[in-house]
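A.B. asks: With the sequence up front, the predicted model follows.
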Amino acid sequence: MATGSVIKYAIILVCFASLWTCHDAADTLKPGDTLNSTSSLLSASGTFTLNFIEKAIRGSDNSFIAILRVKSGANKAWIANRDTPILSSSSPLLTLDSNNTLKITHQNGDPFVLFSAPQTNDPNTSVVATLLDSGNFVLQEVNSVSGSTIRVFWQSFDYPVDTFLPGMKLGVDHRNGYNWSLLSWGTRDNPVSSGPYSLEWDTDAHQLKIKRSGTVYWTSGVYADGRFQFILPDVSKKRYNFSIVSNQDEDYLTYTSLDDPTDPEPEWVLYTRGALYEYGASVDIIQAQNCDGYNIVGGCVRRDRPSDCTGKLVMIFIRKRVTSISLTLALRDPPTGLVLVVRIVRLLVGKVVTALDSTFHPVVRLLVQDADFGAWTVNSLKTSLQILLLFCQQRNHPHQIHHLRERFVSLAMY
């Protein structure tokens, strides 16, 4: 009898220490339940977990409620308080209180409220917060006996962060004004701020678009034959089942996995620098930061050059990363040096258009022949002419040197 009392007392202590009611299912919070930094929710099939994570910001540990897959190195698919970090030292708690308010409380200020559901007068129903196997966290009214859903008040899928999971929507809900889109994280210096890149669904053109500060950098291309033109065209139909819905209530794109047990679950992540990354397959869909406004490869969008670009000696589109010393070294060992020079030109210039006429030596013309990489600015043209001048001096081509110097004179006005 004494042994039984000790065991019962120990169970009570464990429950109290974890701030968890032991009769609750592992995937659900009921009114009065609380989640602390050492406990978590686990979806019914064990595919997703919801728990507090910590991130150091400017020297302080901050806590966030996160949803992620149950696997090593999992992506943080959703963050509840992305723009509102909470100091870990303030003992944050996720709770569904007796008034059906789902919130994060802490000791340093007002709670972070996710949603307040209305009170139900029906004794046969209750309000619960459940983590689903899709990774969606829902606040819903359920039948107290069967557990079946009666209505959903709030769900995390309506507030995506930087990750597009199967079953999520990108688009617009005309009934309540929801705009489902991804938004990249901020910079390392300010990681909790929203980043410059967004992934949105164009409800008119029925294409995905990546924007940087509101300007379109990339589009997915048209949807045909079960895939988008610029979304992993070789494997897309093997991994995704896309659905496009357009009616008076909603306009959106969603997708599901084809459930190949040998294939990782899809998970699209929009990174700070503009890359749209397929986390499951570990492959880039597109690196939108390389879409410079002239390059149209892979869905990149051509844009007008800024009005102040021409006529000012500013390097807007490219950064110089090569010194004259490295160029000289590269030129000492033709043809290896020639290959390096070509690569340097491509790096500095982007799309290398034929700026020099056909009278040039064929080897020199090779340096300015390429396609679909970007475009010239005044500075990048000067930089490339400098590279070519070095090469011509090294190879002793006096006519080409004279022509190049004339080109510099013609650019002197800029």
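C.D. replies: Received the coordinates, thanks.
A.B. asks: And stretch 212-224, end to end?
C.D. replies: Separation of the first and last residues of stretch 212-224 by CA to CA, to the nearest Å is 26 Å.
A.B. asks: Run through the residues that contact the nearest residue to Glu141 once chain neighbours are set aside.
C.D. replies: Closest residue to Glu141 apart from its sequence neighbours, by CB to CB, 6 or more residues apart in numbering: Ile150 at 4.5 Å. Placement of C-beta: from N, CA and C, glycine included. Contacts for Ile150 were tallied using CB atoms under 8 Å, 6 or more residues apart in numbering; they are Thr125, Gln140, Glu141, Val142, Asn143.
A.B. asks: and if we set it to 10 Å?
C.D. replies: Thr120, Asp122, Asn124, Thr125, Ser126, Val127, Gln140, Glu141, Val142, Asn143 (CB atoms under 10 Å, 6 or more residues apart in numbering).
A.B. asks: For it, what is the enclosing helix or strand?
C.D. replies: Secondary-structure assignment from DSSP states H and E places Ile150 in strand 149-155.
A.B. asks: Spell out which strands sit alongside that strand in the sheet and which way each one runs.
C.D. replies: Using DSSP bridges, the strands paired with strand 149-155 are strand 137-143 (antiparallel).
A.B. asks: which residues of the stretch 301-414 of the chain score low on pLDDT?
C.D. replies: Within the stretch 301-414 of the chain, the segments meeting pLDDT under 70 span 304-414.
A.B. asks: follow-up on the earlier one: ranking by neighbours, what's the top pick from the contacts of Ile150?
C.D. replies: Neighbour counts for those (other CB atoms under 10 Å) peak at Val127, which has 23 neighbours.
A.B. asks: Who does that one form a beta bridge with?
C.D. replies: Glu141.
A.B. asks: pretty sure it contacts Asn121?
C.D. replies: No: look at Val127 against Asn121 with CB atoms under 10 Å: they stay out of range, at 12.0 Å.
A.B. asks: Could you check the strand holding Ile150 and say which residues are buried?
C.D. replies: Across strand 149-155, burial judged by 16 or more other CB atoms under 10 Å covers Phe153, Trp154, Gln155.
A.B. asks: now stretch 34-44
C.D. replies: Buried, per 16+ other CB under 10 Å, within stretch 34-44: Thr34, Leu35, Asn36, Ser37, Ser39, Ser40, Leu41, Leu42, Ser43.
A.B. asks: Tell me if I'm right that the first one and Leu94 touch.
C.D. replies: Put plainly, it is Thr34. Yes: assessed by CB under 10 Å, Thr34 is found in contact with Leu94 at 7.0 Å.
A.B. asks: hang on, the earlier thing: tabulate the buried residues of strand 149-155 (CSV), appending distance to His174.
C.D. replies: Below are the buried residues of strand 149-155 laid out as CSV (distance: CB to CB, whole Å):
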residue, distance to His174
Phe153, 19
Trp154, 19
Gln155, 18
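A.B. asks: For the stretch 51-200 of the chain, give me the ranges with low pLDDT.
C.D. replies: For the stretch 51-200 of the chain, the ranges with pLDDT under 70 are 188-192.
A.B. asks: all strands of it, in order?
C.D. replies: 60-69, 76-79, 86-87, 93-96, 101-105, 112-116, 125-131, 137-143, 149-155, 163-164, 169-173, 179-180, 182-185, 194-202 (DSSP state E, counting those that start in this stretch).
A.B. asks: Reformat those strands as TSV; add distance to Ser257.
C.D. replies: Converted to TSV, the strands of the stretch 51-200 of the chain look like this (distance: least, CB to CB, whole Å):
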stretch	distance to Ser257
strand 60-69	12
strand 76-79	14
strand 86-87	33
strand 93-96	28
strand 101-105	28
strand 112-116	27
strand 125-131	18
strand 137-143	19
strand 149-155	19
strand 163-164	12
strand 169-173	15
strand 179-180	19
strand 182-185	18
strand 194-202	18
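A.B. asks: what is the orientation angle of the strand holding Ile150 with strand 112-116?
C.D. replies: 150 degrees (axes from the mean of the first three to the mean of the last three CA atoms, to 10 degrees).
A.B. asks: which residues touch Ala205?
C.D. replies: Thr219, Ser220, Gly221, Val222.
A.B. asks: Take the residues you listed and keep only those in strands.
C.D. replies: Thr219 (DSSP state E).
A.B. asks: residues near Ser45, how many?
C.D. replies: Neighbour tally, Ser45, other CB under 10 Å: 10.
A.B. asks: Share the number of residues neighbouring Tyr197, please.
C.D. replies: 25.
A.B. asks: For it, give the beta-bridge partners.
C.D. replies: Arg212.
A.B. asks: same thing with Phe112?
C.D. replies: Ile104.
A.B. asks: related to what we said a few turns ago, any common contacting residues for Thr34 and Leu94?
C.D. replies: Shared contacts of Thr34 and Leu94, counting by CB under 10 Å, 6+ apart, come down to Thr105.
A.B. asks: Can you list the buried residues in stretch 65-85?
C.D. replies: 65-69, 75-82, 85.
A.B. asks: Show me what stretch 232-243 is in contact with.
C.D. replies: 166, 169, 221, 223, 225-231, 252-260, 263-266, 268, 278, 280-281, 283-286, 298.
A.B. asks: Walk me through the domains of this structure.
C.D. replies: 22-158, 160-301, 324-411 (automatic domain parsing).
A.B. asks: Which members of the contacts of stretch 232-243 occur in strands, if any?
C.D. replies: 169, 223, 227-228, 252-257, 268, 278, 283-286.
A.B. asks: Now do Lys55: how many residues are near it, please.
C.D. replies: 16.
A.B. asks: If you could redo that for Asp259, that was the one I meant.
C.D. replies: 9.
A.B. asks: quick revisit: now, which of the buried residues of strand 149-155 sits nearest Leu132?
C.D. replies: Gln155 (8.8 Å; CB to CB).
A.B. asks: Roughly how far does the closest one sit from Leu41?
C.D. replies: 14 Å (CB to CB, to the nearest Å).
A.B. asks: What of Asp173?
C.D. replies: With CB to CB as the criterion, Asp173 and Leu41 are 26 Å apart.
A.B. asks: do the same with Glu141
C.D. replies: From Glu141 over to Leu41 (counting by CB to CB), the distance is 19 Å.
A.B. asks: Having no further points to raise, I will conclude here.
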